[in-house]
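Peer 1: could you work out the structure for the sequence below:
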Amino acid sequence: MTAISRRRALTILAAATALPTSALATPDVPLHTWRGRALGAQATLRLAHPDAAAISERVAAEIDRLEDVFSLFRPQSALSRLNQQGVLPAPPFELLQCLSLAARVHNATEGRFDPTVQPLWRVYAEASVAGRAAGADDLNRARAAIGWDRVRFSTDAITLEPGMALTLNGIAQGFIADRVADLLIGEGLDNILIDTGEFRALGGDPQGTAWPVNLAAGGQVALKARALATSAPLGTTFGAGATGDSHILDPRRGAPVPAVWHEVSVSADQAALADALSTAACLYSTKSEIVTCVQAFKNSRLEQIS
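Peer 2: Numbers count the residues shown, from 1 in each chain. Purely as a prediction, here's the structure:
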């Protein structure tokens, strides 16, 4: 689904924060910014460290390794092979971790978060690229393939029923940020801002204060030792701009979500959790419902809704 990338839109909406480079640098070490890609989105790493370039290379290598697990654009990634074959023996540990968290969020959101919407997403995406409406027969087949309760996973294998496929676009970007954080923490590093389409702050900025993260809809979140994710129903659409259908799909209705919210921002101790919760939040119709859902997870909170 190359023409429609949810994460490209969310990078623009959530991550474009004109950080004051000169103000954040230390007297002896300038702020270093590495730029790359993570699952199709722009990724950045901001830190002030004498070995910043070498650290950035290790981060880039880790992101590349994780692309081989989660990317839907790499035919030989673990996720692509699972979707192609319906079974993945001896799955990577990272994929099992991500699916375990997805299961928790699925249950807590009463099925609003469901990675099995990939066949439905494909139908809408392909119709949009072709400039036509999605066909009723294609939609019905895709809807019949939705059902998280039919996904089986263990250390031995992940198994899908015929016709099913998974997308982890609503959680994997944050998961990669968390794994990069684990790598850097293991090296004894802190005061770093990781942005893989979702944010994860290790400590604060190089001066020890919070990283100032500006949100596209207005407002700012002071991020320190915490993660932040934003989802926007109309950030990417199937069709032309604001007149198109939301790229976020409701697995219960088998259709794009109504654009009740412009964007929803959630913070948590894990970027993957913030990522999944911000996605699921777009399927709620009231702020109180979103708050209740987010607060069900310890140390997570709604930062902004508009």
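Peer 1: what about the longest helix along the chain, distance to the chain center?
Peer 2: The longest helix of the chain (DSSP state H) is helix 52-70. Centroid separation between helix 52-70 and its chain, computed with CA atoms, centre = their mean, to the nearest Å, is 17 Å.
Peer 1: one more: stretch 122-141?
Peer 2: Centre to centre, stretch against its chain (CA atoms, centre = their mean), the figure for stretch 122-141 is 24 Å.
Peer 1: got it, and stretch 181-198?
Peer 2: Distance, centroid of stretch 181-198 to centroid of chain: 16 Å (CA atoms, centre = their mean).
Peer 1: pull out the buried positions in that stretch.
Peer 2: 181, 183-184, 189-198 (16 or more other CB atoms under 10 Å). Using the backbone N, CA and C atoms, a C-beta is placed for each residue, glycine as well.
Peer 1: let me have these in TSV, extended by distance to residue 70, pLDDT and secondary structure.
Peer 2: Shown next, in TSV, are those (distance: CB to CB, whole Å; pLDDT from 0 to 100; DSSP: H, G, I helix; E, B strand; the rest coil):
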residue	distance to residue 70	pLDDT	secondary structure
181	16	98	helix
183	16	98	helix
184	19	98	helix
189	24	97	coil
190	26	95	coil
191	27	97	coil
192	22	98	strand
193	22	98	strand
194	16	98	strand
195	17	98	strand
196	11	97	coil
197	12	94	coil
198	13	97	coil
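Peer 1: could you single out the nearest of those to residue 43?
Peer 2: Closest approach to residue 43 among the buried residues of stretch 181-198 (CB to CB): residue 196, at 4.7 Å.
Peer 1: hang on, that closest one packs against residue 174?
Peer 2: Yes - assessed by CB atoms under 8 Å, residue 196 is found in contact with residue 174 at 7.5 Å.
Peer 1: overlap in contacts, these two.
Peer 2: Here residue 196 and residue 174 have residue 271 as joint contacts, going by CB atoms under 8 Å, 6 or more residues apart in numbering.
Peer 1: quick one, helices of the stretch 51-200 of the chain?
Peer 2: Using DSSP state H, counting those that start in this stretch, the helices of the stretch 51-200 of the chain run over 52-70, 78-85, 93-108, 118-130, 136-144, 172-186.
Peer 1: between the third one and helix 172-186, how big is the angle?
Peer 2: Here the directions of helix 93-108 and helix 172-186 differ by 130 degrees (axes from the mean of the first three to the mean of the last three CA atoms, to 10 degrees).
Peer 1: contacts for helix 93-108?
Peer 2: Residues contacting helix 93-108 (CB under 8 Å, 6+ apart): 66, 69-70, 78-79, 88, 112-115, 148, 151, 153-155, 158, 168, 171-172, 175, 179, 270, 272-273, 276-277, 280, 293, 296-297.
Peer 1: any chance of the helices of the stretch 51-200 of the chain in JSON lines, plus distance to residue 302?
Peer 2: Below are the helices of the stretch 51-200 of the chain laid out as JSON lines (distance: least, CB to CB, whole Å):
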{"stretch": "helix 52-70", "distance to residue 302": "26"}
{"stretch": "helix 78-85", "distance to residue 302": "29"}
{"stretch": "helix 93-108", "distance to residue 302": "14"}
{"stretch": "helix 118-130", "distance to residue 302": "25"}
{"stretch": "helix 136-144", "distance to residue 302": "30"}
{"stretch": "helix 172-186", "distance to residue 302": "16"}
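Peer 1: need the winner for burial among those.
Peer 2: Sort the helices of the stretch 51-200 of the chain by mean neighbour count, taking mean count of other CB atoms under 10 Å, and helix 172-186 sits at the top with a mean of 23.
Peer 1: ok, residue 177 to residue 228 distance?
Peer 2: Using CB to CB, to the nearest Å, we find residue 177 at a distance of 10 Å from residue 228.
Peer 1: again, but for residue 289
Peer 2: 21 Å.
Peer 1: show me which of those two is the more surrounded one.
Peer 2: The neighbour comparison of residue 289 against residue 228 (other CB atoms under 10 Å) goes to residue 228, with 28 against 14.
Peer 1: can you list the strands that the strand or helix carrying the more buried one pairs with?
Peer 2: Per DSSP states H and E: residue 228 is located in strand 227-231. Under the criterion DSSP bridges, strand 227-231 sits next to strand 199-202 (antiparallel), strand 264-268 (antiparallel) in its sheet.
Peer 1: keeping just the C-alphas, turn the helix or strand just after the longest one into CSV.
Peer 2: Note on strand 264-268: by DSSP H and E, the next helix or strand toward the C-terminus is helix 271-281. The C-alpha atoms that make up helix 271-281 are tabulated as CSV, following Å, rounded to 0.1, in the frame of the first residue of the first chain:
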residue,chain,number,x,y,z
ALA,A,271,6.2,4.3,23.2
ALA,A,272,4.5,1.1,21.9
LEU,A,273,1.7,1.5,24.5
ALA,A,274,1.2,5.2,23.8
ASP,A,275,1.1,4.3,20.0
ALA,A,276,-1.5,1.7,20.4
LEU,A,277,-3.7,3.7,22.8
SER,A,278,-3.6,6.8,20.6
THR,A,279,-4.8,4.7,17.7
ALA,A,280,-7.6,3.0,19.7
ALA,A,281,-8.6,6.4,21.2
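Peer 1: this completes my enquiry, with thanks.
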